[in-house]
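In: generate a structure from the sequence data that follows.
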Amino acid sequence: MIYALRETKNAAPLFAGWQETMIWSCLQGVMGTVYADSPIKPASAMAVLGDFCFLAGNPEQEFILAEQTYGKEGFMIMASQDRAWETLIESSLKEKAKKVIRYATRKEPDVFDKKKLRAFAEAVPAGYTLRMMDEELYRCCGEIMWCRDWVSQYENYTLYRKYGLGVVLLKDKEPVSGASSYSGYDGGIEVEIDTREDHRRRGFACICGAKLILECLDRGLYPGWDAQNKWSAALAQKLGYHIEREYTAYEVIREVKK
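Out: Below you'll find the model as predicted:
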């Protein structure tokens, strides 16, 4: 049986040493959910937040197949630091699980060159405006498919204002690029950067990313960055991050019950 934990600290030892901000969000009870095989002394657990599922402890197929794992959309990115979990994902889901490589960055609060970041952030071209995420933009971005992940994990603007932070690049009052918090926790955020397809390859992601990092540093927050691909990893390095390791993840699409 799988339990949604109220006392998330009971599962914390299973995630010990895993430097992943979304897991911290779940364990702190800020957002996301921790599921386990026991509410008191779990041996298996998963932290689920948005499109991400982190598996820890003893590998159990029930967690991989559970409805709770997939949410409303039926899509999930699964990851574990245990090869036994990866083997179980592959054998349980077969062709439904697409194996991908992601890039984890080191958590180094003092590594950023603020002068360099300010130069990036100030390179806003004529005709564009860089604006902090406010309630108006929060609602606007939540209704636009390509950038909804900037705000979609926050139930309301009050929660976003408390645990989120973002910057949006506007052209003719419309979002064309931005960097925001996919998720938040006490002490930092997980960075999410997107650019509208017709405005890519113009350096806008760098401008927005630099501005968001600076705003985080000014507030004593850590801007966590987990890179989806080599392009994201290269941008992270340009902004000052160091790649800690490559890791395996699985992108899973599954029909969910309506």
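In: got the contact list for the longest helix anywhere in the chain?
Out: Looking across the chain with DSSP state H, the single longest helix is helix 204-218. Helix 204-218 is contacted from outside by 112, 114, 117-118, 120-121, 123-124, 130, 132, 165-169, 176-180, 188-189, 191, 193, 195, 222-223, 235, 238-240, using C-beta atoms under 8 Å, 6 or more residues apart in numbering. C-beta coordinates here come from the backbone N, C-alpha and C atoms, glycine included.
In: can you give me the strands for the chain?
Out: Applying DSSP state E to the chain gives strands spanning 3-4, 33-36, 44-49, 52-57, 75-80, 97-105, 128-132, 166-171, 174-185, 188-195, 222-224, 226-227, 243-253.
In: the fourth one to strand 243-253, inter-axis angle?
Out: Interaxial angle, strand 52-57 versus strand 243-253 (axes from the mean of the first three to the mean of the last three C-alpha atoms, to 10 degrees): 110 degrees.
In: any idea of the mean pLDDT for stretch 217-225?
Out: For stretch 217-225, the mean pLDDT works out to 97.
In: can you check stretch 135-153 too?
Out: Mean per-residue pLDDT for stretch 135-153: 97.
In: quick one: contacts of it?
Out: Stretch 135-153 is contacted by residues 31-32, 49-50, 131, 133, 154, 157, 160-161, 164, 166, 168, 175, 178, 180-183, 192, 194, 196-197 when judged by C-beta under 8 Å, 6+ apart.
In: filter those residues down to the buried ones, ChimeraX style.
Out: Buried residues within the contacts of stretch 135-153, by 16 or more other C-beta atoms under 10 Å, are selected in ChimeraX with:
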select :31,32,49,50,131,133,154,157,160,164,166,168,175,178,180,181,182,183,192,194,196
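In: might one say that Q61 is in contact with E90?
Out: No: taking C-beta atoms under 8 Å as the definition, Q61 is not a contact partner of E90, at 11.7 Å.
In: let's see the pLDDT reported for the residue lying closest to D226 once chain neighbours are set aside.
Out: Distances taken as C-beta to C-beta, 6 or more residues apart in numbering put A104 closest to D226, at 6.0 Å, once the chain neighbours are dropped. Note on A104: pLDDT of 96.
In: tell me the domain ranges of the protein?
Out: Domains of the chain are assigned by automatic domain parsing as 3-101+248-253, 114-241.
In: those into a markdown table, with extra columns for distance to E108?
Out: Shown next, in a markdown table, are the domains of the chain (distance: least, C-beta to C-beta, whole Å):
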| stretch | distance to E108 |
| --- | --- |
| domain 3-101+248-253 | 11 |
| domain 114-241 | 8 |
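In: distance of the residue in the chain sticking out farthest from the centre from S91?
Out: For the chain, the largest distance from the centre (C-alpha atoms, centre = their mean) belongs to A126, which lies 31.0 Å off. Note on A126: its distance to S91, by C-beta to C-beta, to the nearest Å, is 56 Å.
In: go on, I213?
Out: Distance, I213 to S91, by C-beta to C-beta: 40 Å.
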